[in-house]
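[1] Got a sequence here, can you model it:
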Amino acid sequence: MKEIRSSKILMILLVCIVIGLVLPYLVMHFSGKLVLLTGALGLFALLLLLRKGWINVYDWLILFFIAIPFHDFRIMFGTFYLRLTELFFMPFFVWASVQIFRSRIERKNLWRLNREYVILLFFYAFSLMSIAFSGNPFISTYRTAVLLYLILMSFMVSKILKEQDKIKLIVKAMIAISAVASVYAIMQSFLPALHPFMPVRLTSLGFMTIYRSGLGWQNPNYFALYISMILPITYICKISKVFPEKRFLNICFVLQAMGLFSSYSRLGFISIAITFLFLLWIRGKRNMAIILFIILIVLSVVAFLSMEYIYVNNPYLAATIFRIPNLGEVLKNPLLIAGWRRDAWIANINMFLAHPFFGVGPFMSTAMYAEYRPHDQVYPLQEGLAAHNEYLSLLSERGVFGTALFLVFLFFLATRAMVFYKNNKSSAEGKLMLGLWASVINFIFFSFGGATIYSVQFWINVGIILALYNATKNKIKDNDLSDGALDGK
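    Model (predicted):
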């Protein structure tokens, strides 16, 4: 059967996304939206099947990518639910398993683990142990199972992407899908009807109300994490000519940047700013990085010193920078700038001190807030309060050993990407690894202000990093064997 051209695939994809997103808001409630969205993705798979005569594992991985921007869509089974991404992981997992187990060589290589996955095995073991100390073992077990699916998905990605051209195909699809998703996010800023969940209002400018875009996330910060983990990859591919389609990359980069801005996520802005300063530093533009860093510090100081003036004269800027509803209360109690997070941080530290080795159980720190809250709390509600800091959550939920193992995993992952880049600076693979390395740096800084361990995009990028390393290593080994055979001849 004739292969379908990439331009036609993107056109079909765009049509399916429009069907799956716009039509439900006109004719159905939430359940209907999920049915139509799932149906649109299924239609895309059917069109691929009819056109190509078959669907390979890479097609299923791309379909999985399409589901990521609609993260909070779910099918409920009482207290148990499946997200759209989890549904689309299933056919990908089946296809990937078939591809691996039908080859004796691939079955043998399946058990050759990169050191990062060995560390994750121990981290996961400690996560299982911490369930025994959970106040709600059912929730902890379920969330630990979700983490297993994410690690397994990352592992399967690292195994099926054995060739560099396939890795580049998948990266290009990832960039294109996030750019299309950004278009929809930009529209959400002005059209609240396009929000699948409750619109998050930012401010009003005259007759126009601006909303924070979250795409398929109820919290816009996690849409910002999704985009900010792909944006540096797009940027490096654009400036380094990893792909020949320069215009395509320029358009995607602009759309992604606008999509990130439409989230109005201060955490997203800060993490991506640090990431780009990191890229400037690594690429040898250190003077520029230092100058921009000083400018950012000066602007931040000026903004906070001018807080009262900004609130009175520029509500849009106040909502973008500060997003604190009552300036008078903030001036009386500057602690409120942290948005009550200080109370959550203290509570998580108290949980860790009370359970230093195994924590209070996965996903339990928010639910356990009331028991460990500080005596001088400023948080006015009775419900749980999330730390919004992955490192504190790891300490409180999995103890010192679980936290240390995850940090060691991040260290080894970043080190592998760094060494690979330094050894392959001039190659397209080395430049692509720089973008992936930057995405990990973005994740590390974003994690100081968000719950990130369940980020689907992060685990996808982990798989691609290890796939790129393995594919390049195998290519070098094959070239050495070929040279040795020629010398022998």
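[2] Near the residue nearest to residue 268 when sequence neighbours are not counted, how many other residues are there?
    Sequence neighbours aside, residue 224 is the residue nearest to residue 268 in space, at 2.9 Å (criterion: Cβ to Cβ, 6 or more residues apart in numbering). Any C-beta I mention is one placed from the backbone N, CA and C, and that applies to glycine too. Residue 224 has 32 neighbours, counted by other Cβ atoms under 10 Å.
[3] Also residue 247?
    The number of residues near residue 247, taken as other Cβ under 10 Å, comes to 7.
[4] likewise residue 331?
    12.
[5] Just give the nearest non-adjacent residue to residue 201, would you?
    residue 211 (5.7 Å).
[6] can you list contacts of the helix or strand hosting that neighbour?
    Residue 211 is part of strand 208-212, with elements assigned from DSSP states H and E. Contacts of strand 208-212 with the rest of the structure, by Cβ atoms under 8 Å, 6 or more residues apart in numbering, involve 188-190, 192, 195, 199-204, 220, 262-265, 316.
[7] do the same with stretch 119-136
    Contacts of stretch 119-136 (Cβ under 8 Å, 6+ apart): 113, 137, 140-141, 144, 147-148, 151, 355, 358-362, 364, 367-368, 397-399, 401-402, 405-406, 408-409, 412.
[8] any chance you could map the strands in the protein?
    Shown for the chain, the strands assigned by DSSP state E span residues 74-77, 80-83, 200-205, 208-212.
[9] Any idea which of those strands gets closest to residue 308?
    Residue 308 lies closest to strand 200-205 among those, at 17.1 Å (Cβ to Cβ).
[10] Name every strand pairing with that closest one and say which way it goes.
    With DSSP bridges as the criterion, the sheet partners recorded for strand 200-205 are strand 208-212 (antiparallel).
[11] Which positions within the strand it pairs with qualify as buried?
    210, 211, 212 (16 or more other Cβ atoms under 10 Å).
[12] That strand: how far from the chain's middle?
    24 Å (Cα atoms, centre = their mean, to the nearest Å).
[13] Over to stretch 361-381?
    With Cα atoms, centre = their mean, you get 26 Å for stretch 361-381.
[14] With stretch 65-84 instead?
    That offset, for stretch 65-84, works out to 16 Å (Cα atoms, centre = their mean).
[15] Kindly format the C-alpha coordinates of that stretch as CSV.
    Coordinates of the C-alpha atoms in stretch 65-84 are reproduced here as CSV (Å, rounded to 0.1, in the frame of the first residue of the first chain):
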residue,chain,number,x,y,z
PHE,A,65,0.8,12.2,21.5
ILE,A,66,-2.5,13.6,20.2
ALA,A,67,-4.2,12.5,23.4
ILE,A,68,-1.7,14.3,25.7
PRO,A,69,-3.1,17.8,25.3
PHE,A,70,-6.5,16.5,26.6
HIS,A,71,-5.0,15.2,29.8
ASP,A,72,-7.9,15.7,32.2
PHE,A,73,-10.5,14.0,29.9
ARG,A,74,-11.5,10.8,31.7
ILE,A,75,-13.9,7.9,31.8
MET,A,76,-15.3,7.3,35.3
PHE,A,77,-15.9,3.9,36.9
GLY,A,78,-17.1,5.1,40.3
THR,A,79,-14.0,6.3,42.2
PHE,A,80,-11.8,4.8,39.6
TYR,A,81,-11.2,6.5,36.2
LEU,A,82,-9.1,6.2,33.1
ARG,A,83,-7.6,9.2,31.4
LEU,A,84,-7.7,9.6,27.6
